[in-house]
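>>> fold the following for me, if possible:
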Amino acid sequence: MQTSLSSQCLAVNLDQPYRISTEQLHVLPASNISVSFRFLRPGDQSEVKSLCCDWFPIEYPDLWYDDIVQDTKYYALAACETHTQRIIGVVVADILPLGSCNREDQQILHKSFPLTTPVCYILILGVEKDYRRQGLAGILLCHLLNALYERGTCQAVYLHVLYSNKQAIKFYQSKSFQYRVHLPHY
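Residues are numbered from 1 along each chain as shown. Now for the predicted structure:
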């Protein structure tokens, strides 16, 4: 798909635990709404697709939504409003060898790292509009980073952010992600 959009590749190294106080049940301070966390499962496809259509300027194929709820190769965590179990936030990531990344993304680690080095690509991280700016995206990201750290094999985490999305760039930089490369027309 050809667009006039450009993005930045941001990355963080996983050389220490990324800790935050998180529990299975969390109360959002500004709204006093309790949130629980669970992995995506079959049946979540349409709800996640609807959220992604609201959050991102790209359209994923239906097969991708089937994959993220069924394939354990993805880390696919949902934040749900506890009482309704409605999904209000999602993080989906893929762990893959550095050599399987797009060529421009292989710059996230120094050339001395072998192409077999495991890295994590964050495909989506989003929170429903009414629940933003309450720390939920940070908690979802922290769950992912903690899981990666406990696994102990992943050397870096990276993602793409639209160059025009200054708020998202600021968010990731506040979480120790660093700018790596500008990708025009991405």
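>>> what mean pLDDT would you report for stretch 178-186?
Stretch 178-186 comes out with an average pLDDT of 70.
>>> who touches the residue located most distally from the centre of the chain in this structure?
Note on the chain: the largest C-alpha distance from the chain mean falls to Ser112, namely 26.2 Å (C-alpha atoms, centre = their mean). Residues counted as contacts of Ser112 (C-beta atoms under 8 Å, 6 or more residues apart in numbering): none. Where you see a C-beta, it was placed from the backbone N, CA and C, and this is true even at glycine.
>>> what does it show for phi and psi?
For Ser112, the backbone dihedrals are phi -70, psi -20 (criterion: degrees, to the nearest 10).
>>> again, but for Arg132
The main-chain torsion angles of Arg132 are listed as degrees, to the nearest 10 and equal phi -80, psi 160.
>>> longest helix in the chain, please.
Residue-count comparison of every helix in the chain, with assignments taken from DSSP state H, identifies helix 136-151 as the longest.
>>> now do the buried residues in it.
136-145, 147-148 (16 or more other C-beta atoms under 10 Å).
>>> likewise stretch 79-90?
Judged by neighbour count using 16+ other C-beta under 10 Å, the buried positions of stretch 79-90 are 79-81, 87-90.
>>> now do the contacts for Tyr74.
Here Tyr74 is in contact with 67-68, 92-94, 123 (C-beta under 8 Å, 6+ apart).
>>> okay, and the beta partners of it?
Counting by DSSP bridges, Tyr74 forms beta bridges with Asp94.
>>> sorry, back to before: sort the buried residues of stretch 79-90 by pLDDT and name the bottom one.
pLDDT across the buried residues of stretch 79-90 is at its lowest for Glu81, which sits at 89.
>>> SS state for the nearest residue to that residue once chain neighbours are set aside?
In space, Glu81 comes closest to Ile88 once its chain neighbours are excluded; the distance is 5.5 Å by C-beta to C-beta, 6 or more residues apart in numbering. Recorded secondary structure, Ile88: strand (DSSP: H, G, I helix; E, B strand; the rest coil).
>>> secondary structure element holding Lys49?
Lys49 is located in helix 45-55, with elements delineated by DSSP states H and E.
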